[in-house]
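**Q** Quick one: sequence and predicted model below, then my questions.
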Amino acid sequence: MRIIYGNDIAVKAIQEENFHPWPDGATVVKAVWEQVENEYGELRPGKFQNVQFMVKDTKKFKDTEGWGFAKFSTETRIPTGKTASFAKESCISCHRQLAEKTGYLFNVPLKTNPLPLNHWNMKPVNMYILTSLFLFQISCIPEKTSEQFSRIVFDPAGLKVITSSVNRQLGTMSILYGNSQSYQQALTESTGHTAGEEYSFVTWKYEGNPLYDGSDINGELLCVEHITTQRSQAGKVTITYELKQGKPMPVKGKSLNKLERIHYIIEHRPAILP
């Protein structure tokens, strides 16, 4: 399981197709966990494996196409290589060979339909894709329009990543974002909640990464769900669910009501970074 993070410079470069070359200061971080399967048949992050950095500085990293590389493994963060020169001997060779078209970065969002989901013509369909390993069932694929496709980077509006999940049967991947209160709530695994928690659960269709064989990457944005907690006049904490865009995916073949969606979303445990 992997989550890719980018700073403001990197995100802006992707949105503007400005990565030939990438601007100095762009930073991309990939965190990797073991994958574990939960009771819903979904894959979620397990034990932390490593974290990898790419930092663009044209003057400092001339020998590696302007990119500086670093990798730290296990919870004790053991560095790869004794000096920065390890990148010349290992990292950049693969990036030059496979990812030149995207400025030597493998994980650039695919171009998808730029229209808001509530403007799309949503048609419930079942599509079966036979690969060498799996049979994927994809539901509720938005019908594409003639609009020019673009690279969409979801803006979590200040929320940070809590965890991610992959549903092989539906061919989807999701990210749960939250504020600091919701993240702490997820860490405690308590069923009690405090006022002020905020969650965004975002689901994409996933596609095979054309730059990295065997890896998948988020494609079309399918659904955005939002949950907040507040204190009522009676002094009780209440939970509000709002469907922002799209249509929620079924869970184990079942469409959930609002209360069930709330429970399903907020029971996600955080992906732990050391």
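**A** Great, that's in hand.
**Q** Quick one: residues in contact with stretch 169-180.
**A** Outside stretch 169-180, the residues within contact range by CB atoms under 8 Å, 6 or more residues apart in numbering are 3, 41, 129, 136-139, 154, 156, 158-167, 185-186, 196-206, 216, 218, 222, 249-250, 265, 268. C-betas here are computed from N, CA, C, even on glycine.
**Q** let me redo that: stretch 51-71
**A** 21-32, 50, 72, 77, 79-81, 84, 86-88, 91-92, 95-96, 104-105, 273.
**Q** quick one: terminal-to-terminal distance for it?
**A** 6 Å (CA to CA, to the nearest Å).
**Q** That stretch: which residues count as buried?
**A** 51-52, 54-56, 61, 64-71 (16 or more other CB atoms under 10 Å).
**Q** cool, stretch 22-34 as well?
**A** W22, P23, A26, T27, V28, V29, K30, A31, V32, W33.
**Q** A strand includes S93, no?
**A** No. Using DSSP: H, G, I helix; E, B strand; the rest coil, the secondary structure at S93 is helix, not a strand.
**Q** Check what pLDDT it gets.
**A** On the pLDDT scale, S93 is placed at 88.
**Q** distance of it from G192?
**A** Using CB to CB, to the nearest Å, S93 is found at 52 Å from G192.
**Q** Looking at those two, which has the bigger crowd around it?
**A** Using other CB atoms under 10 Å as the criterion, S93 and G192 rank with S93 on top: 12 against 7.
**Q** Would you mind measuring from that one to A99?
**A** Counting by CB to CB, the gap from S93 to A99 is 11 Å.
**Q** from the contacts of stretch 169-180, which ones fall inside helices?
**A** Q185, A186, I265 (DSSP state H).
**Q** Now G208: closest residue in space, sequence neighbours ignored.
**A** D216 (5.9 Å; CB to CB, 6 or more residues apart in numbering).
**Q** Do I have it right that W22 meets G103?
**A** Yes. If you go by CB atoms under 8 Å, W22 and G103 touch, sitting 4.7 Å apart.
**Q** Let me have the buried residues of stretch 22-34 in CSV, adding pLDDT, distance to L243 and secondary structure as columns.
**A** Shown next, in CSV, are the buried residues of stretch 22-34 (pLDDT from 0 to 100; distance: CB to CB, whole Å; DSSP: H, G, I helix; E, B strand; the rest coil):
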residue, pLDDT, distance to L243, secondary structure
W22, 95, 36, coil
P23, 96, 36, coil
A26, 96, 34, coil
T27, 95, 33, strand
V28, 93, 31, strand
V29, 93, 31, strand
K30, 92, 31, strand
A31, 93, 29, strand
V32, 94, 31, strand
W33, 95, 29, strand
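**Q** Give the burial count for G219, as a bare number.
**A** G219 is flanked by 20 other residues according to other CB under 10 Å.
**Q** From I265, how far off is it?
**A** Taken as CB to CB, the span from G219 to I265 is 21 Å.
**Q** State the pair within the buried residues of stretch 22-34 that is farthest apart.
**A** Of all pairs drawn from the buried residues of stretch 22-34, the greatest distance, 29.6 Å, lies between P23 and W33 (CB to CB).
**Q** Mind listing the residues bridging to E225?
**A** Beta bridges link E225 to F201, L243, judged by DSSP bridges.
**Q** Between the two ends of stretch 75-89, what distance do you get?
**A** Across stretch 75-89, the terminal residues are separated by 25 Å (CA to CA).
**Q** Please apply the same query to stretch 4-11.
**A** Termini of stretch 4-11 sit 11 Å apart (CA to CA).
**Q** do the same with stretch 234-254
**A** For stretch 234-254, the end-to-end distance is 34 Å (CA to CA).
**Q** just stretch 157-170 next, same as before
**A** By CA to CA, one end of stretch 157-170 lies 27 Å from the other end.
**Q** Residue numbering should commence at 45 henceforth.
**A** Noted, 45 is the first residue going forward, which turns the last one into stretch 201-214.
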